[in-house]
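In: A predicted structure for the sequence below; I have some questions about it.
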Amino acid sequence: MTSGPNKRGDGWIRDPDFIGAEAALHRAAVRARREALKTCGYVVLWRDGKVVEEPVHEMSETERKTTSDLEK
């Protein structure tokens with residue numbers, strides 16, 4: 001049975017495997033945006049059932065911090 005820090009206030013219990021997957025997906029998204037800034041200037045996303053090209057103009061403060069953490 002899971003308890004402690006994985007128990008959210010809304011009653012959902014978070015699976016530790018999924019917690020790691022969320023972090024990995026976030027890191028991948030940050031890397032993709034960083035590469036887009038260096039190259040073509042946009043990322044391709046699936047949004048509302050369609051493929052969308054989203055321009056990347058700059059990175060948020062959180063993304064900059066994550067990017068600098070990845071480069072260590």
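Out: That came through, no problem. Note that the coordinates shown come from a computational prediction; the quantities given were computed from them, not determined experimentally.
In: Against which helices or strands is the lengthiest helix in the chain packed?
Out: If you go by DSSP state H, the chain has its longest helix at helix 16-38. Applying 3 or more CB pairs under 8 Å, 6 or more residues apart in numbering; DSSP states H and E, we find helix 16-38 packed against strand 42-47, helix 61-70. (Each C-beta comes from the backbone N, C-alpha and C, glycine too.)
In: worst average pLDDT in these?
Out: Lowest mean pLDDT within the helices and strands packed on helix 16-38: helix 61-70, at a mean of 60.
In: circling back: just the mean pLDDT for the longest helix of the chain, thanks.
Out: pLDDT averaged over helix 16-38 gives 88.
In: tell me the angle that helix makes with strand 42-47.
Out: Interaxial angle of helix 16-38 relative to strand 42-47 (axes from the mean of the first three to the mean of the last three CA atoms, to 10 degrees): 140 degrees.
In: pretty sure Trp46 is touching Val52, no?
Out: Yes: Trp46 is within contact range of Val52, at 7.5 Å (criterion: CB atoms under 8 Å).
In: Could you check which of those two is surrounded by more residues?
Out: Val52 (11 against 8; other CB atoms under 10 Å).
In: and that one, what does it touch?
Out: 44-46 (CB atoms under 8 Å, 6 or more residues apart in numbering).
In: do Ala21 as well
Out: So Ala21 contacts nothing (CB under 8 Å, 6+ apart).
In: And it, how close does it get to Arg47?
Out: Plainly put, Ala21 is 21 Å away from Arg47 if you go by CB to CB, to the nearest Å.
In: Check Thr39 too.
Out: 21 Å.
In: same thing with Arg33?
Out: 15 Å.
In: Would you mind telling me which of these two has the busier surroundings?
Out: Arg33 (20 against 8).
In: can I assume that one is in contact with Glu54?
Out: No: at 9.3 Å, Arg33 and Glu54 do not qualify as touching, with contact defined as CB under 8 Å.
In: gap between Ala24 and Phe18?
Out: 10 Å.
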